[in-house]
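K.L.:
Provide a 3D model corresponding to the input given below.
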Amino acid sequence: MKPNNQSAPAYQMPILGIGKLDLWRLTGIGICIIVSLPVFALIYLAAIPSENIWPHLLNTVLPRQTITTLALMAGVACLTGSMGTLSAWLITFFEFPGRRLLTWAMLLPLALPTYLAAYAYSDLLDYAGPIYGLWRDYLPDIRPPAFHSLGGGIILLSLVLYPYVYISARASFLQQSTGLLENARMLGVSPRQSFWRIGLPVARPAIALGILLALMECLNDIGAVEHLGIETLTIGVYNTWIVRGNLGGAAQMAISLLGFMALLLYLERRQRQSRHYQSSRLRNRAVHRFSLSRPQALMAMLACSLPVILGFVIPVILLAQQVRLASFNTQLLTAAQNSVGLAIIAGLLTCGVALFIAYAHRSSIPISKGSLARFAALGYAIPGTVLGIGLMILLGFVTELTNGAILLTGSLTGLVYAYLVRFLSLAYGTLNDGFERLPRNLDMAARSLGKSRSSIIWLIHRQLMKAPIIAAFLMVFVDAMKELPATLILRPFNFETLSTQVYGYASLGQIEDAAMPALIIIAIGLIPIIIMMRFMDRLREG
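P.N.:
Residues are numbered from 1 along each chain as shown. I've put the predicted structure just below:
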């Protein structure tokens with residue numbers, strides 16, 4: 001009988017260069033390199049630009065755009081945090097008319113890109129529009145607030161982005177210890193005191209994560225802030241490259257924008273360190289909701305309904321009123337086919353790579369424990385404009401290195417690569433959460449029977465992970481449909497998607513022609529909302 005000297009755990013991987021070559025570990029390292037290449041290319045060009053305009057930018061546009069960006073971020077953080085947290089608390093712990101409908105209706109603004117909301121409200125809230133006409137008739141001595149301003153941008157972006165906070169806060173409230181809240185009620189703690197003393201402190205890391213996601217989308221936005229005349233760093237990067245024709249200066253400004261994202265990630269990570277406050281005991285028990293008086297119930301219903309009405313219902317109605325049947329033509333069909341085709345390819349490729357990374361993290365491969373997971377989360381934190389510039393530098397270098405043999409700049413390959421880098425962390429987070437819900441003894445039993453990692457994924461996890469895989473694909477699909485900055489920069493010549501077509505029409509003031517493709521984007525964006533509704537219902541049921 002052979003001595004049993006294979007006492008190492010089934011998940012321990014061979015060290016690179018010793019024993020069998022570990023292709024999974026090599027692939028993990030390769031993914032890290034692929035995801036980080038655009039950032040390295042951006043840093044390289046910013047360090048040695050062909051024309052150093054950094055002193056000029058530092059003395060002129062950069063301070064103004066930095067202050068505007070900080071003010072926009074601060075306003076969006078406050079409003080999205082307030083609306084998302086308050087609505088999540090009311091819907092989770094109080095009973096009022098329309099609560100069941102609002103449980104899923106609060107997610108509807110996720111289907112509406114921010115630039116579409118800005119285009120929809122432009123005619124209604126313009127100085128020549130009906131709202132300002134009524135204001136001048138009844139309040140002639142008071143100057144009306146300007147929609148095309150920093151304040152208007154803060155309100156508009158917050159109305160569209162608050163669902164990120166709502167989802168995170170509601171999930172945290174649902175997972176809080178029901179017994180803890182019931183004990184507080186028995187001790188005479190009021191609902192308001194329960195929120196400030198128990199609910200808010202426990203849910204603080206989840207709320208911080210939701211605000212971080214909202215701010216990422218805020219910094220990634222280019223269509224809405226440009227339409228409203230807000231000079232943010234994102235607009236500065238785009239204009240420095242496209243308008244001024246200085247790629248090096250745009251790279252230097254992009255580094256400043258990356259600094260903002262690094263600060264946000266650092267603050268969110270500090271918040272996550274306090275997650276040990278969250279208790280999971282007794283969370284499967286049904287939540288006993290507080291009863292409200294009739295005036296309080298109406299106030300709660302109004303507080304939860306207004307964000308949905310202002311952030312989704314009214315913009316969709318305004319866009320529907322401006323639809324021109326003549327805009328449904330061959331160009332629209334071609335743009336829709338391009339958008340759907342690109343989104344499907346990006347979704348399949350991104351989910352395949354994310355599935356590998358999530359399982360590599362589960363298998364405790366050394367590179368995946370820390371570095372791989374952090375690199376996977378890097379792409380979504382990079383604004384599309386910054387990512388587009390980094391990829392342009394990288395793809396141009398590859399084209400020059402191969403003397404044009406590999407032409408990636410301005411190609412569909414480069415655009416799909418951008419989508420992969422941009423949305424990899426979105427799919428990875430969903431799939432990794434799905435893996436965390438599966439017992440590890442399934443993998444251990446399969447490994448003890450001699451099954452390889454690829455066999456385990458195909459035979460076991462392919463069946464058990466159907467719902468997370470479908471959800472990850474749909475989220476990447478819809479985000480790729482809505483993506484504007486990277487698509488504007490990297491798309492091939494004369495290649496239009498629905499988002500670029502909407503942007504092109506809106507930049508020319510042709511909102512009527514932009515309404516039809518905008519409604520198509522919104523209709524497709526409703527698909528993941530239905531998926532999120534079902535997932536949150538399952539979470540609520542325990």
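
K.L.:
what residue ranges in the stretch 251-400 of the chain score low on pLDDT?
P.N.:
268-269, 271-288, 325-327, 363-379, 381 (pLDDT under 70).

K.L.:
mind listing the helices in it by residue range?
P.N.:
Ranges of helices in the stretch 251-400 of the chain, per DSSP state H, counting those that start in this stretch, are 294-308, 314-321, 330-362, 366-367, 373-376, 384-401.

K.L.:
Can you give the distance of the first one from its chain's centre?
P.N.:
The one in question is helix 294-308. Relative to its parent chain, helix 294-308 has a centroid offset of 27 Å by CA atoms, centre = their mean, to the nearest Å.

K.L.:
Can I get that helix as PDB, trimmed to CA atoms?
P.N.:
The C-alpha trace of helix 294-308 is given here as PDB (Å, rounded to 0.1, in the frame of the first residue of the first chain):
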ATOM      1  CA  ARG A 294     -53.300  58.300   8.400                       C
ATOM      2  CA  PRO A 295     -51.300  61.500   8.100                       C
ATOM      3  CA  GLN A 296     -48.100  59.700   8.800                       C
ATOM      4  CA  ALA A 297     -48.900  57.000   6.200                       C
ATOM      5  CA  LEU A 298     -49.700  59.600   3.600                       C
ATOM      6  CA  MET A 299     -46.400  61.300   4.300                       C
ATOM      7  CA  ALA A 300     -44.500  58.000   4.000                       C
ATOM      8  CA  MET A 301     -46.200  57.200   0.700                       C
ATOM      9  CA  LEU A 302     -45.400  60.700  -0.600                       C
ATOM     10  CA  ALA A 303     -41.800  60.500   0.500                       C
ATOM     11  CA  CYS A 304     -41.300  57.200  -1.400                       C
ATOM     12  CA  SER A 305     -43.400  58.100  -4.400                       C
ATOM     13  CA  LEU A 306     -41.900  61.400  -5.300                       C
ATOM     14  CA  PRO A 307     -38.400  60.000  -6.300                       C
ATOM     15  CA  VAL A 308     -40.100  57.400  -8.600                       C
END
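
K.L.:
That helix - contacts with which helices or strands?
P.N.:
Judged by 3 or more CB pairs under 8 Å, 6 or more residues apart in numbering; DSSP states H and E, the packing partners of helix 294-308 are helix 61-93, helix 99-105. Where C-beta positions appear, they are placed from N, C-alpha and C, glycine not excepted.

K.L.:
got it, and the second one?
P.N.:
Contact analysis of helix 314-321 by 3+ CB pairs under 8 Å, 6+ apart lists helix 114-124, helix 511-541 as its packing neighbours.

K.L.:
Can you say which of the ones you listed is packed in most?
P.N.:
Highest mean neighbour count among those (mean count of other CB atoms under 10 Å): helix 114-124, with a mean of 24.

K.L.:
Identify all contacting residues around that one.
P.N.:
129-131, 147, 156-157, 159-161, 217, 221-224, 227-228, 311, 314-316, 318-319, 322, 484, 502-503, 506, 511, 514, 518, 521-522 (CB atoms under 8 Å, 6 or more residues apart in numbering).

K.L.:
Quick one: work out the angle between that helix and helix 314-321.
P.N.:
On the basis of axes from the mean of the first three to the mean of the last three CA atoms, to 10 degrees, helix 114-124 is oriented at 70 degrees to helix 314-321.

K.L.:
Just after helix 114-124, pick out the following helix or strand.
P.N.:
Proceeding N to C from helix 114-124, the next assigned helix or strand is helix 130-138, under DSSP states H and E.

K.L.:
Go through that next one and flag the buried ones.
P.N.:
Tyr132, Trp135 (16 or more other CB atoms under 10 Å).

K.L.:
Got the domain ranges for the chain?
P.N.:
The chain breaks down into these domains under automatic domain parsing: 30-44+322-542, 60-320.

K.L.:
one step back: show me the least confident stretch of the helices and strands packed on helix 314-321, going by mean pLDDT.
P.N.:
The stretch with the lowest mean pLDDT among the helices and strands packed on helix 314-321 is helix 511-541, at a mean of 77.

K.L.:
re the thing from before, can I get the helices of the stretch 251-400 of the chain in JSON lines including mean neighbour count and distance to Ser256?
P.N.:
Output for these, formatted as JSON lines (neighbours: other CB atoms under 10 Å; distance: least, CB to CB, whole Å):
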{"stretch": "helix 294-308", "mean neighbour count": "17", "distance to Ser256": "32"}
{"stretch": "helix 314-321", "mean neighbour count": "18", "distance to Ser256": "32"}
{"stretch": "helix 330-362", "mean neighbour count": "20", "distance to Ser256": "28"}
{"stretch": "helix 366-367", "mean neighbour count": "19", "distance to Ser256": "30"}
{"stretch": "helix 373-376", "mean neighbour count": "20", "distance to Ser256": "22"}
{"stretch": "helix 384-401", "mean neighbour count": "22", "distance to Ser256": "10"}
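
K.L.:
So which of those helices is nearest Thr69?
P.N.:
helix 384-401 (12.6 Å; CB to CB).

K.L.:
In this structure Phe173 contacts Leu90, no?
P.N.:
No. Counting by CB atoms under 8 Å, Phe173 does not reach Leu90; the two are 10.2 Å apart.

K.L.:
Look up how far Leu395 lies from Val237.
P.N.:
Noted for Val237: a distance of 18 Å to Leu395, by CB to CB, to the nearest Å.

K.L.:
ok, now Asp123?
P.N.:
Applying CB to CB to Asp123 and Leu395 gives a distance of 39 Å.

K.L.:
Then Thr60?
P.N.:
30 Å.

K.L.:
ok, now Gly129?
P.N.:
For Gly129, the distance to Leu395 - CB to CB - is 43 Å.

K.L.:
Could I get the contacting residues of the residue lying closest to Thr114 once chain neighbours are set aside?
P.N.:
The spatially closest residue to Thr114, leaving aside those adjacent along the chain, is Ala224, at 4.3 Å (CB to CB, 6 or more residues apart in numbering). Ala224 sits next to Thr114, Tyr115, Ala117, Ala118, Gly153, Leu156, Leu157 when contact means CB under 8 Å, 6+ apart.

K.L.:
so the fifth one, which of the three states?
P.N.:
With DSSP: H, G, I helix; E, B strand; the rest coil as the basis, Gly153 sits in helix.

K.L.:
Near it, how many other residues are there?
P.N.:
Neighbour count of Gly153, defined by other CB atoms under 10 Å: 27.

K.L.:
Contacts only, for it.
P.N.:
Leu72, Ala224, Val225, Leu228, Ile230.

K.L.:
Secondary structure, distance to His461 and pLDDT added to these, as TSV?
P.N.:
Formatted as TSV, the contacts of Gly153 follow (DSSP: H, G, I helix; E, B strand; the rest coil; distance: CB to CB, whole Å; pLDDT from 0 to 100):
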residue	secondary structure	distance to His461	pLDDT
Leu72	helix	42	94
Ala224	helix	39	89
Val225	helix	41	91
Leu228	coil	45	89
Ile230	coil	45	91
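
K.L.:
Give me the angle between the helix or strand harbouring Phe435 and helix 384-401.
P.N.:
In this assignment (DSSP H and E), Phe435 forms part of helix 412-436. Note on geometry: by the same axes, to 10 degrees, helix 412-436 and helix 384-401 are set 120 degrees apart in direction.

K.L.:
With just CA atoms, put the next helix or strand after helix 412-436 into PDB.
P.N.:
Using DSSP H and E, the helix or strand that directly follows helix 412-436 along the chain is helix 441-448. What follows is helix 441-448, C-alpha atoms only, in PDB (Å, rounded to 0.1, in the frame of the first residue of the first chain):
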ATOM      1  CA  ASN A 441     -17.900  20.800   0.700                       C
ATOM      2  CA  LEU A 442     -19.400  20.400  -2.800                       C
ATOM      3  CA  ASP A 443     -16.100  21.400  -4.300                       C
ATOM      4  CA  MET A 444     -14.100  19.400  -1.800                       C
ATOM      5  CA  ALA A 445     -16.100  16.200  -2.500                       C
ATOM      6  CA  ALA A 446     -15.700  16.700  -6.200                       C
ATOM      7  CA  ARG A 447     -11.900  17.300  -5.900                       C
ATOM      8  CA  SER A 448     -11.600  14.200  -3.700                       C
END
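
K.L.:
Helix 441-448 packs against which elements?
P.N.:
helix 453-456.
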